[in-house]
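>>> Here's my sequence, what's the structure:
(one chain, ligands or ions: 1)
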Amino acid sequence: MSSLTYDLTLAGLSVGSAAALTGIGLVVTYRATGVLNFAHGAIAMVCAYVLRQAVVEWGWPLWVAAPVTLLVVAPGIGVALERFVFRPLAVLGGDPARSLVASIGVFVLLVGGAVLVWGPGARDDVPELPLSADPWGQLAVVLVLAAGVGALTRWGRFGRELRAVVDDRELAVLGGIDADRVAAAGWAFGAFTAGLTGVLLAPYVRLDPYGLPLLVMEVVAVAVAARMRSLPVAVVVALGIGVAQAQLTRLHPSGWAAPLVQAVGANLFVVALLIAALALPGVGTRAPSPAFGAAWVGARTPAGAWPVAAVLFLLPLGFAGSDLHTSVQVPALGVILLSLVVVTGRGGQISLGQAAYAGLGALFTALLAAGRFPGLPRLPELAALAVAVLLVAPLGLLTGWPAIRRHGLALALATFAVGVGVSRFVFAQPYATSGLSLGRPAGFDGDRAYYALELVLLAAALLAVRAARRGRTGRALAAIRDHEPGASAAGVRVPALKLLAFVAGAALAALGGAMLGMGLRAFDADAYDPVRGLLWFAAVVVLGADSTLGALAAAALLVGLDAGARGGVAAALVGLLAALVGRFPSGPYETARTAVRERVRRRGELTPLGTRVQAALATGVPHPTGARARPTPPRWGRPQTTGTTTPQPSQPPTRANPTATDPGRAQAAGATMPGPGRSRAAAGPIASGPGRPPTVAGPTAPAPSSGVRPPVGGRARVWPARRVSSAGPVLAARRLRARYGGFVALDGVDLDVPAGWVTAVVGPNGAGKSTLFHCLAGTLRPVRGRVLLDGRDITRLPAHARTRLGVARSFQELAVFPSLTVAENVRVGAEQGRVGDPGAVERALALFGLAGPVRELPAAGLPTGTLRRVELARAYAGDPRVLLLDEPAAGLDTAEVTALARILRALAADGTALLVVEHDLDLVAGLADVVHVMAAGRIVASGPPDRVLEAAP
Ligand SMILES: Nc1ncnc2c1ncn2[C@@H]1O[C@H](COP(=O)(O)OP(=O)(O)OP(=O)(O)O)[C@@H](O)[C@H]1O
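Below is the predicted model:
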């Protein structure tokens, strides 16, 4: 027994060493370039083929062929990839989504290329390196490599450069570091380890273009477990899983659990991948992981393309024989690819696991039609198809659930893991592999009749997808894709909608998969291999991820090339395009968009915020519910640099006109109104102190019972109309405490945001302003304290729920939806906001000067000033009670700031409660009714701006 244990341990060490090599390569490449190289396994496969070619076909001695393969070919592939694929992407800004697609493209390209060159069949004559049979030798190589790389990155000059590039590529380049050289070294080394893995593994596994790459990528769990950083962890995990997997082969359980235990034992790396990708947080968060992004929206469908497509899809009805038989695959694949349009193209969620849902659709249909589905009777084919789709749809949660919290790379890994898991644990089981036949529905047995049925199903799927994309849901999905926090701030229920996208995607994929199976008259697990999932994903992205016509074209292209050209051409072509797609951000759509923008600009529609807004303010904009008063003129002018007079009111306040809140009203009420130039002494005591400072309307402040504000710093002002009837502030923070790890960023903050007031929060960098803002907006959960909206505790509500209750926000760095037009951006706010009034769109567009031709332009690339207006208009369209503005003046020129201030004052006069976090003290002085000064996580002073700002640190 002990010798068996020893032998199995040795075998496990051998497998674990190969996995460790992969882990080391993936970690090094990732650290040097920020790219998780999905093509690692494909490079391994190519190197194994190259070694075999040199030794078996060309007769080179192994001692020549192996060094050439490992030290020339493998690093050469790495350097070529860096130079031609990933460097241009890094120059473009290193968008993780583009890099991910490029690496998937390289995977598909290498697999397709290998099929083209060496054919799809498996080879079992790969020469063995002397090392292959020696686990201790392999282990030694792994340890030496890991130690060498570790030492190099820790102490050497390369290590310093690597760390600098990893921290901030641009800064490193400015500091004189050759980032390209570092990246090339990372790629060369990563490819070398891939090559070594390939040539070590190939003699012991089936060498074919699909199997080996997938096998190698299954061990990506090792790198994930090491959080893409730690080489020792990667090595230990790899060796541990290798040995455990070998030992598990000794278990021979009987009963129902036997196949499961055997499957787990044979696929422990896949189990580890599932755990690592689904349970471990934080992979791929080094670089910002935006949603898949508007960059992949692709070309707008040219006019007239649909009739042409319809004719082309009808053509096969006139075909016969093998042509028709092949054509049968196109509508089925089209439906599968439409599922990617929903999930990835529209929803922005990377899904590499659609092949799993397609396969499950086919498998369930076959089992149901054969009467072998547990607990269900035998069903006719069409009914089986429908039930299978219904059964698979909720399984979309397998990838939808991880997508709630994961983005970019982490989501790609999770969906890939689910795809591989389903393939290994469901499709590879005996019941599925033992020739499961799948009949066509009665009356549709012939290819022509079946093709016609497929066209009907495809048309139904198309109509459903197009209807969903055009409507409210489609806009909300696009908003998530373009800017997830922005969508949440607009009121979109992001988690629910993501789940919906994945469930709908799974249902469509299942439908297409079952159609494909019926076309082939069998369930064939190879047709739903995870590698196909990658190919489909790449094909849809290449032809415009958000284009339904693109999906149909991709289906026709893949099936047509597979049938009409040599095997591998389709994959090679799609892979090549996907590898290069990120390099061409300016597609035809972009060009057309630029042209339209130019035309509009020439016609003067994009003048800075100003004339239109002033016109809107002058004429007044009717309120959605009619409840709000006309926006009144601004209450305060910009701060005067000299003198102490404040602008006089155009009209003294009267009871009949309580909204005419302006400084003059305060004067009319007999209060003194110190100007900004007044001395502190003249202005009276400033409400500040080391302890809990008295806030203007803090928890202890008396609730107003009349139309007169409580005296603040010696002055009294009239409360705006809404405030008169309100019993307290609209939004309030009570003893808020927030932490980042052990660091206390907010320490017992009390704040009131009253209706009709502009409340400003200022303070030095790091004071905690943004943290307070996040706690109010719902993007950060405080560890203690409460956030109250009209007295209701909303502390635990997520951001979108707060928006729906009337707490809207803007972002310091703009959060618009670039692929949507200006009007659509605003429409999202109107549809998802508090009131849900579609008419609010026009009012918001008019108020913010966006009602001209600019309304039809995609937001992408519009000037910052215009985009700030778009963001505010979106927030306003939801009819918020409170508007939280994070540095609204950032990036605006003076004229735009002035105009913005006018709008904000008008909104406040209209009864909205505004909270502004702002660095521009001029703006604050001219805009705010009350200013709170923060320092070190506390509010240290509060009061009217003229006094507080004079004394502010
Ligand atoms: N995600 C985070 N993790 C750890 N610490 C953080 C994080 N975000 C903020 N901090 C720290 O919390 C403190 C408060 O930060 P916050 O961004 O709220 O300040 P701020 O007043 O908004 O500053 P600024 O004006 O520069 O935006 C700072 O010391 C900051 O370094």
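>>> how far does stretch 427-434 sit from the chain's center?
On the basis of Cα atoms, centre = their mean, to the nearest Å, stretch 427-434 sits 35 Å off its chain's mean C-alpha point.
>>> what's the first-to-last distance across it?
End-to-end distance of stretch 427-434 (Cα to Cα, to the nearest Å): 10 Å.
>>> Same check on stretch 201-208?
The first residue of stretch 201-208 is 12 Å away from its last residue (Cα to Cα).
>>> buried ones in it?
Judged by neighbour count (16 or more other Cβ atoms under 10 Å), stretch 201-208 contains these buried residues: 201-203, 205, 207-208. Bear in mind the C-beta positions are built from the backbone N, C-alpha and C, glycine included.
>>> so residue 744, which of the three states?
Judged by DSSP: H, G, I helix; E, B strand; the rest coil, the three-state class of residue 744 is strand.
>>> List the residues that contact it.
Contacts for residue 744 (Cβ atoms under 8 Å, 6 or more residues apart in numbering) come out as 737-738, 937.
>>> Let me know the closest of the residues you listed to residue 355.
residue 738 (43.2 Å; Cβ to Cβ).
>>> For the closest one, which non-adjacent residue is closest in space?
residue 746 (4.0 Å; Cβ to Cβ, 6 or more residues apart in numbering).
>>> picking that back up, now the buried residues of stretch 201-208 as TSV including distance to residue 438, pLDDT and secondary structure?
As requested, the buried residues of stretch 201-208 are exported to TSV (distance: Cβ to Cβ, whole Å; pLDDT from 0 to 100; DSSP: H, G, I helix; E, B strand; the rest coil):
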residue	distance to residue 438	pLDDT	secondary structure
201	34	88	helix
202	34	89	coil
203	37	87	coil
205	30	85	coil
207	31	90	strand
208	25	91	coil
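>>> Please identify which of these is nearest to the ligand.
Using Cβ to the nearest ligand atom, residue 201 comes nearest to the ligand of the buried residues of stretch 201-208, at 41.9 Å.
>>> circling back: if you look at the contacts of residue 744, which of them are in strands?
Those of the contacts of residue 744 mapping onto strands are 737-738, per DSSP state E.
>>> filter the contacts of residue 744 to the buried ones?
Here, 16+ other Cβ under 10 Å leaves 737-738, 937 buried among those.
>>> so which of those comes closest to residue 62?
For the buried ones among the contacts of residue 744, the nearest to residue 62 is residue 738 (62.9 Å; Cβ to Cβ).
>>> Let me know the closest of the buried ones among the contacts of residue 744 to residue 345.
Distance to residue 345 across these (Cβ to Cβ) is lowest for residue 738, with 37.3 Å.
>>> separation between residue 559 and residue 454?
12 Å (Cβ to Cβ, to the nearest Å).
>>> Near the ligand, which residues of the stretch 601-750 of the chain? Just list them.
740, 743, 745 (Cβ under 6 Å from any ligand atom).
>>> now that we have the residues you listed, which one has the most neighbours?
Ranked by neighbour count (other Cβ atoms under 10 Å), those have residue 745 at the top, with 23 neighbours.
>>> out of everything not next to it in sequence, what's closest to it?
Residue 745's closest residue in space is residue 771 (Cβ to Cβ, 6+ apart), at 4.3 Å.
>>> Compute the number of surrounding residues for the one you found.
By the measure other Cβ under 10 Å, the count of residues near residue 771 is 22.
>>> likewise residue 3?
Residues within reach of residue 3, counting by other Cβ under 10 Å, total 7.
>>> Against which helices or strands is the one helix or strand it maps to packed?
Assessed by DSSP states H and E, residue 3 sits inside helix 2-33. Here helix 2-33 touches helix 40-52, helix 135-155, helix 157-167, helix 179-201, helix 220-225, helix 231-248, going by 3 or more Cβ pairs under 8 Å, 6 or more residues apart in numbering; DSSP states H and E.
>>> Tabulate those (JSON lines), appending distance to the ligand.
Formatted as JSON lines, the helices and strands packed on helix 2-33 follow (distance: least, Cβ to the nearest ligand atom, whole Å):
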{"stretch": "helix 40-52", "distance to the ligand": "32"}
{"stretch": "helix 135-155", "distance to the ligand": "25"}
{"stretch": "helix 157-167", "distance to the ligand": "16"}
{"stretch": "helix 179-201", "distance to the ligand": "26"}
{"stretch": "helix 220-225", "distance to the ligand": "23"}
{"stretch": "helix 231-248", "distance to the ligand": "24"}
